[in-house]
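Engineer: Turn this into a structure:
(one chain, ligands or ions: 1)
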Amino acid sequence: MGTPLPEKGIPMLKRTINSNLLGRCRSTLLKVGNAGTSVRAGIVLTLLLALLASLRCASKPQPVHQARVTPKAPAARVHWNRSPLIPTGFAPLPLGSIKPQGWLRQQLQTQADGLSGHLDEFWPDLGPNSGWLGGIGESWERGPYFLDGLVPLAYLLEDPRLIAKVKKWVNWTLENQRPDGAIGPDKSRGKFQHSWQAEDWWPNMVMLKVLTQYHEATDDPRVIPLMQRYFDYHLKYAAQRPLIEWASYRWAEELLSIYWLYNRTGEPRLLELARALHPQAFDWKSHFANFSYKEKIQKKDASLKTHVVNNAMALKSSAVWGLLSGDESDKKAIYKMLEVMDQYHGQANGLHAGDEHYAGRDPSQGSELCSVVEAMFSFEQLIAILGDPSFGDRWERIAFNALPATFKPDMWAHQYDQQVNQVLCSVLPGRNWTTNGPDSNIFGLEPNFGCCTANMHQGWPKFASHLWMATPDQGLVAVAYAPSRVDAYVRGGVEVAIIEETEYPFREGIQFTVYPASPVTFPLLLRIPTWAEGATLTVAESQESDVKPGTFHKIAREWKPGDKVRLVVPMKPRITRHYRNSVVVERGPLAFALKVGEDWKKIKGEEPHADWEVHPTTPWNYGLEIDAVNPSTSFSVEQRPVGEAPFSPEGAPVMLRVKARRLPAWKLVAGSAGPMPMSPVPSKEPEETVTLIPYGSTNLRVTAFPEILPLGP
Ligand SMILES: [Zn+2]
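Structural biologist: Numbers count the residues shown, from 1 in each chain. The predicted structure is shown next:
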């Protein structure tokens with residue numbers, strides 16, 4: 001009889017099975033499991049063998065594809081811009097072409113098992129009385145917001161339960177278009193917070209995004225005729241009922257759907273509508289060219305143009321309009337936008353601060369969850385339009401840091417506002433937000449306001465569905481990295497599957513195996529991140545030269561089934577400078593933050609969808625001792641298996657250890673880390689070693705640290 005397996009071995013085994021990262025490891029484990037189910041000794045032996053297998057697999061990743069992979073015909077073909085629309089750098093692939101694998105699939109499953117897969121079962125705004133299901137309840141944006149994430153989540157996971165939910169909502173819209181072409185809730189019946197919302201074009205813009213994704217996944221023949229009738233209706237009433245309020249700031253959402261349809265039907269009336277809407281839209285290009293909001297604004301100055309979510313959506317607006325205007329300065333306006341927004345409101349998590357209006361660079365200010373998912377969607381569009389690899393860096397930074405950090409790890413609760421330095425999540429009047437309420441940084445069902453509760457679902461699914469894009473020369477480009485499989489058509493209409501195996505962003509290695517239906521020559525482009533100094537790329541055993549950070553590296557060759565490409569992106573810890581000369585520690589695309597002990601206090605609601613405060617149980621007011629000349633030597637790196645919950649403090653797959661000293665004068669003020677001292681700062685406190693984990697794995701954290709002034713000899 002063998003010794004019982006130590007307790008801690010079990011979760012590790014479970015993690016390895018569930019991680020589904022290394023296909024061969026997984027199948028080995030499952031096979032062993034089937035062989036030993038009869039007697040207890042057999043079970044113990046099985047577990048030991050499996051543990052050994054898992055250890056071997058953990059130490060040396062082995063690729064899947066011993067068996068040949070057969071490419072699947074993609075769900076739909078790629079539609080490039082039709083003239084007179086300007087050609088884009090890349091084109092997104094139809095929903096369903098990319099399937100998440102490994103940790104990314106696990107993350108989407110966590111999402112489906114949390115609020116996203118269940119919210120409509122108990123949240124009245126998405127209940128049977130929703131105006132978007134024919135009821136007289138909430139009839140503005142919440143139904144479409146929810147679907148904008150649920151549609152890709154359901155089809156990426158191929159989950160029948162979620163697909164049934166999608167169909168219920170989408171069918172209602174498809175079956176209830178009015179004779180004049182209007183869609184959505186009956187404006188005379190529904191519940192609106194403000195009377196103007198009944199005449200608002202904005203929520204329909206979100207539903208159009210839902211329908212385009214749904215069509216790509218299903219090819220439902222009802223979608224295109226409905227959109228044609230709807231846009232005719234909008235054109236007819238465009239002058240009489242112009243874009244107002246939110247719609248005029250968010251009009252690029254409708255442009256995207258107009259172009260989507262134009263590229264399929266070529267009807268000139270669609271572009272006529274786009275041109276008719278342009279004068280009704282807020283001029284974001286001028287707003288950023290003459291930017292006057294250079295610090296945290298006063299409450300009295302808050303307006304729709306200072307609103308953080310509108311600004312996150314606006315990132316794409318000029319570039320999207322530029323595709324029709326043909327004006328290069330429209331297409332390129334994004335660079336000026338980012339320059340001023342980074343300078344005055346940029347944060348270390350890749351976001352711009354807004355709680356919920358322009359909030360400056362202090363890391364104790366917040367950023368709203370809607371701005372996380374909308375900024376991600378903007379960068380997904382910007383990468384396609386401009387083909388600029390730097391947008392891939394920015395997109396990953398938000399996706400791997402800001403997005404996971406603002407959810408409870410089981411995705412049953414979320415914040416309204418997250419902070420880069422977030423040391424207490426509690427209901428507290430008098431917090432330093434520009435306009436938000438006292439409960440904005442707790443983890444809950446609808447802290448502050450329910451927009452994020454409805455809108456947050458699009459983050460991970462759209463990240464997964466945009467990892468790969470088509471190139472104009474009939475190849476494929478990896479614009480961001482995560483374990484996935486893509487099936488697409490390449491040059492000559494040949495079907496190809498590419499399996500991407502990786503534990504990126506936690507690990508440096510990414511392996512691609514290419515399976516064309518028959519040998520075919522096409523370009524494969526890989527984004528080399530700007531931070532990836534010393535990146536190496538091996539193609540079918542031979543090393544590529546000239547692999548430059550901040551570019552798309554192009555491999556043009558004849559591909560045969562099973563050809564392998566291996567990219568290694570070195571992840572040396574590095575530092576960047578932020579507010580008041582503070583230091584932020586980074587490794588690869590991840591920012592790192594102090595691991596703070598957490599006490600979760602339930603304050604309201606029923607589990608699993610309760611509201612929680614999070615209180616610190618360990619000190620947070622540290623400054624870091626780093627070698628500013630050679631920062632990477634200041635850190636020791638520890639790697640742990642990438643398990644079921646990498647974005648949780650206990651599941652963090654990477655830890656950095658660094659020397660630090662307390663700063664007793666740096667104290668809590670109004671529930672947040674108080675004014676940050678200008679670095680470097682002296683400290684006479686004893687030297688300690690502290691642990692940093694990925695920003696996205698934290699719930700409480702310090703990310704922007706004062707730097708400790710080195711003591712004299
Ligand atoms: Zn929101």
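
Engineer: so what's residue 667 closest to, chain neighbours aside?
Structural biologist: Excluding its sequence neighbours, the residue lying closest to residue 667 (Cβ to Cβ, 6 or more residues apart in numbering) is residue 674, at 5.1 Å. C-beta here means a position set from N, CA and C on the backbone, and glycine is covered the same way.

Engineer: Residue 417 contacts residue 433, correct?
Structural biologist: Yes. Here residue 417 reaches residue 433: they are 6.7 Å apart, a contact under Cβ atoms under 8 Å.

Engineer: Does residue 523 touch residue 478 like I think?
Structural biologist: No. In terms of Cβ under 8 Å, residue 523 does not count as a neighbour of residue 478; the distance is 11.9 Å.

Engineer: Can you pick out the residue with more neighbours from the two?
Structural biologist: Neighbours per residue (other Cβ atoms under 10 Å) separate residue 523 from residue 478, with residue 478 holding more: 23 against 18.

Engineer: give me the low-pLDDT residue ranges for the chain?
Structural biologist: 1-67, 75, 190-191, 193, 195-198, 712-713 (pLDDT under 70).

Engineer: Quick check: the spatially most central residue of it vs the ion, distance?
Structural biologist: When Cα atoms, centre = their mean is applied to the chain, the residue found nearest the centroid is residue 399 (3.4 Å). Applying Cβ to the ion, to the nearest Å, the value for residue 399 to the ion is 18 Å.

Engineer: returning to that earlier point: between residue 417 and residue 433, what contacts are shared?
Structural biologist: Common neighbours of residue 417 and residue 433, counting by Cβ atoms under 8 Å, 6 or more residues apart in numbering, are 355-356, 366, 440.

Engineer: Which residues of the protein lie near the ion?
Structural biologist: Within the chain, the positions adjacent to the ion are 370, 451-452 by Cβ under 5 Å from the ion.

Engineer: Just confirm residue 492 contacts residue 519, I think it does.
Structural biologist: No. Applying Cβ under 8 Å as the test, residue 492 and residue 519 come out as separate, 10.8 Å apart.

Engineer: now for the helix or strand where residue 395 lies, which elements pack on it?
Structural biologist: Element membership for residue 395 (DSSP states H and E) is helix 389-397. Judged by 3 or more Cβ pairs under 8 Å, 6 or more residues apart in numbering; DSSP states H and E, the packing partners of helix 389-397 are helix 369-386, strand 520-528.

Engineer: among these, which is the most enclosed?
Structural biologist: Of all these, helix 369-386 has the most neighbours on average by mean count of other Cβ atoms under 10 Å, namely a mean of 26.

Engineer: what separates it from the chain centre, distance-wise?
Structural biologist: 9 Å (Cα atoms, centre = their mean, to the nearest Å).

Engineer: Show me what that helix is packed up against.
Structural biologist: Partner elements for helix 369-386 (3+ Cβ pairs under 8 Å, 6+ apart): strand 91-92, helix 308-314, helix 317-325, helix 389-397, helix 403-405, strand 417-419, helix 451-455, helix 459-465.

Engineer: now for the last one, which elements pack on it?
Structural biologist: If you count contacts as 3+ Cβ pairs under 8 Å, 6+ apart, helix 459-465 packs onto strand 98-100, helix 102-113, helix 142-157, helix 369-386, helix 403-405.

Engineer: The protein - how does it break down into domains?
Structural biologist: The record's domain parsing of the chain by automatic domain parsing lists 9-59, 468-502+508-568.

Engineer: So what's the residue count around the residue in the stretch 51-200 of the chain that the ion sits nearest to?
Structural biologist: For the stretch 51-200 of the chain and the ion, the shortest gap (Cβ to the ion) falls at residue 145, measuring 8.9 Å. By the measure other Cβ under 10 Å, the count of residues near residue 145 is 28.

Engineer: Return the residues in contact with it.
Structural biologist: Counting by Cβ under 8 Å, 6+ apart, residue 145 has contacts 206, 451, 454-455, 457.

Engineer: what's the spacing between it and residue 446?
Structural biologist: In this view, residue 145 and residue 446 are 12 Å apart by Cβ to Cβ, to the nearest Å.

Engineer: want to throw the helices and strands packed on helix 459-465 into a markdown table with distance to residue 469?
Structural biologist: Shown next, in a markdown table, are the helices and strands packed on helix 459-465 (distance: least, Cβ to Cβ, whole Å):
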| stretch | distance to residue 469 |
| --- | --- |
| strand 98-100 | 9 |
| helix 102-113 | 17 |
| helix 142-157 | 15 |
| helix 369-386 | 6 |
| helix 403-405 | 20 |
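
Engineer: Tell me which of the ones you listed sits nearest to residue 466.
Structural biologist: Nearest to residue 466, of all those, is helix 369-386, at 4.4 Å by Cβ to Cβ.

Engineer: then the closest one to CSV, C-alphas only?
Structural biologist: Extracted in CSV, the C-alpha atoms of helix 369-386 (Å, rounded to 0.1, in the frame of the first residue of the first chain):
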residue,chain,number,x,y,z
LEU,A,369,-14.9,49.1,-15.5
CYS,A,370,-16.9,50.2,-18.6
SER,A,371,-13.8,52.2,-19.6
VAL,A,372,-11.7,49.0,-19.3
VAL,A,373,-13.9,47.0,-21.8
GLU,A,374,-14.5,49.9,-24.1
ALA,A,375,-10.9,50.8,-24.3
MET,A,376,-10.1,47.2,-25.2
PHE,A,377,-12.8,47.3,-27.9
SER,A,378,-11.3,50.5,-29.2
PHE,A,379,-7.8,49.0,-29.5
GLU,A,380,-9.2,45.9,-31.2
GLN,A,381,-10.6,48.3,-33.9
LEU,A,382,-7.5,50.5,-34.0
ILE,A,383,-5.2,47.5,-34.5
ALA,A,384,-7.3,46.4,-37.5
ILE,A,385,-7.6,49.9,-39.0
LEU,A,386,-4.0,51.1,-38.6
